[in-house]
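Colleague: what follows is a predicted protein model with its sequence.
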Amino acid sequence: IASLRSSGRSRTGSTPDSSMADRGASPGRFLSASAFGRTFRSEEGNVDFRFNGLVNPEYLTFNSVDGLRYGTGVRFSARGEKGISFVLTPAAEWAFARERLLWRVSSTLRYGSPGQSLLTLSGGRRSDDFNSSAGIGNGMNMITSLFWKENHLKLFESNYMLLRHRSEIVNGLYATLSYGYEDRKMVTNHSDFSIFRRDIEYMPNRPVNHYLSENNDPLSPYHLSDHIHHEASVEIAYTPARRYYMRNGIKSPAGSDYPTFSLKWEHGLNTLPGQGYKSYDLITGNISDERSIGALSEYGWKAGGGGFLNKEGITFPDFFHFNSQPIPVMFMNYRNLFMIPGYYSLATPEWYAEAHFRFTTPYLAVKMLPFLSNSLMRENLSLSWLYTPHGSSYTEIGYALSEIFLLGKAGIYTGFRNLQWEGTVIRISLIIN
């Protein structure tokens, strides 16, 4: 560390011109680095150490389970020849209402020629969303909780370890192997704080789904309870005739004239209370593509399906979950999602088929109006479809204007269940990431 140069990459963007080892760390600089963080870089420029600081809004969040949560972290990275690199990122947070230390350590090794193999090992203790693949973000859930007392995010405690290896077998063909361990513990709300609507209570920390009993009946087949989870998976993804370019010894994709095909097998093993070990197997497959078709025009689509071959040992976190964003305002520009169903309502322990299509163009309908024709806004059409045994056929169509003042998107979406109208909503996205 003594040989590292202070790059001064703090939140303020200042850049000292000499190493801290040479000049010494004055009290003011030490306090500034402690508060707002600082990056130290070796003389050779291939080793970085970043302290994220004690005053860091990115680590501030709130939910009804943990209450106020705050922490910090560090990042160590080293780069070698031929795209070889190593990154280590420890972090810790304190959940004030639960009086619980949450922590994580993640390490990534990139190796192989030309830097196309990734080995990651991570572990820690976290408050995990039941829908870990797609759900409401921590920031948006904090806003809805504090201002409207609506706790959309449903959590359980996960003491976990994850090992994953991803490598390119031939150009465009990737194989991913992973193993995960979790000690899952169900938790309840520990905070009733909110800025407004203090006279009402938060909803219980329990997802709403057809397969879950309303009061979490212990006799129901998908009763939420503490258990140990093991998971192993194999995933193959292939993009034929994929183009690429090289930068700093690392191979990066540059598109293809063909779609991407993926196939995944997941084997899970759960230790359920009073039942011993029980397992399940899930197989999923997808085909997707994105393509530009002219100046500022593009389209993308995705089609897929899958199901559980056996579901004897499945628990709700193991259900297949979908991306549904039912609140009026979002902070991300999601793709391949549903705008009307509840966050956890679509999850299934059976089988499914889904398809998504979107089309974006500068001129379609509204932009033909004279007072809008010169604006930078684009028009978007979307179509999403899902079939599950319980939910039957659900279809959603939408129209939206994007690039509103360069960072906004507003649209109207209508859903149909078995071709019967189910609802129409307006959604606004503020793209601030």
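Modeller: Nice, I can see it. Residues are numbered from 1 along each chain as shown.
Colleague: going by C-alpha atoms from here, please, whenever you check contacts or count neighbours.
Modeller: Noted.
Colleague: spatially nearest residue to residue 97, not counting backbone neighbours?
Modeller: The shortest distance from residue 97 to any non-neighbouring residue, by CA to CA, 6 or more residues apart in numbering, is to residue 67 (4.7 Å).
Colleague: and if you look at residue 161?
Modeller: residue 123 (4.1 Å).
Colleague: how about the nearest residue to residue 378 once chain neighbours are set aside, what does it touch?
Modeller: Spatially, and ignoring its direct neighbours in sequence, residue 378 is nearest to residue 362 (4.4 Å; CA to CA, 6+ apart). Residue 362 is in contact with 296, 297, 376, 377, 378, 379, counting by CA atoms under 8 Å, 6 or more residues apart in numbering.
Colleague: these two touch, right, the fourth one and residue 400?
Modeller: Right, residue 377. No: contact criterion CA atoms under 8 Å: residue 377 and residue 400 do not qualify, at 10.1 Å.
Colleague: make CSV from the contacts of residue 362 and add distance to residue 182, pLDDT and secondary structure to it.
Modeller: Listed next are those as CSV, based on distance: CA to CA, whole Å; pLDDT from 0 to 100; DSSP: H, G, I helix; E, B strand; the rest coil:
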residue, distance to residue 182, pLDDT, secondary structure
296, 45, 86, coil
297, 44, 93, strand
376, 47, 87, coil
377, 45, 91, coil
378, 44, 93, strand
379, 44, 95, strand
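Colleague: for PyMOL, what selects the buried ones among these?
Modeller: Per 16 or more other CA atoms under 10 Å, the buried members of the contacts of residue 362 correspond to this PyMOL selection:
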select buried, resi 297+377+378+379
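Colleague: three-state assignment of residue 143?
Modeller: Under DSSP: H, G, I helix; E, B strand; the rest coil, the three-state class of residue 143 is helix.
Colleague: neighbours of it, how many?
Modeller: When neighbours are counted by other CA atoms under 10 Å, residue 143 registers 18.
Colleague: going forward can the numbers begin at 56, since that is how I track them
Modeller: Fine by me, first position is 56 from now on; the one you just mentioned is residue 198.
Colleague: any idea of the pLDDT on it?
Modeller: Looking at residue 198, its pLDDT is 95.
Colleague: state the next helix or strand along the chain beyond the helix or strand of the chain with the lowest mean pLDDT.
Modeller: Least confident helix or strand, the chain: helix 75-78 with a mean of 42, by mean pLDDT, DSSP states H and E. Following helix 75-78 in sequence order, the next helix or strand is helix 82-91 (DSSP states H and E).
Colleague: so the residue nearest to residue 216 sits in a strand?
Modeller: Yes: counting by three-state DSSP, residue 178 is found in a strand.
Colleague: okay, now the sheet partners of the one helix or strand residue 148 maps to, with direction.
Modeller: Under the criterion of DSSP H and E, residue 148 resides in strand 140-150. Strand pairing for strand 140-150, determined by DSSP bridges: strand 122-134 (antiparallel), strand 155-166 (antiparallel).
Colleague: setting aside sequence neighbours, what's the nearest residue to residue 371?
Modeller: Among residues not flanking residue 371 along the chain, residue 277 sits closest, at 6.5 Å (CA to CA, 6+ apart).
Colleague: now swap in residue 431 and tell me
Modeller: Nearest residue to residue 431 in three dimensions, chain neighbours excluded: residue 458, at 6.6 Å (CA to CA, 6+ apart).
Colleague: ok, which of the strands paired with strand 140-150 comes nearest residue 237?
Modeller: When the strands paired with strand 140-150 are compared by CA to CA, strand 155-166 sits nearest residue 237, at 13.3 Å.
Colleague: next one: phi and psi at residue 194?
Modeller: In terms of degrees, to the nearest 10, the main-chain angles of residue 194 are phi -60, psi -50.
Colleague: oh, that last question was meant for residue 436, not what I typed.
Modeller: phi -110, psi 140.
Colleague: against residue 396, how distant is it?
Modeller: Distance, residue 436 to residue 396, by CA to CA, to the nearest Å: 19 Å.
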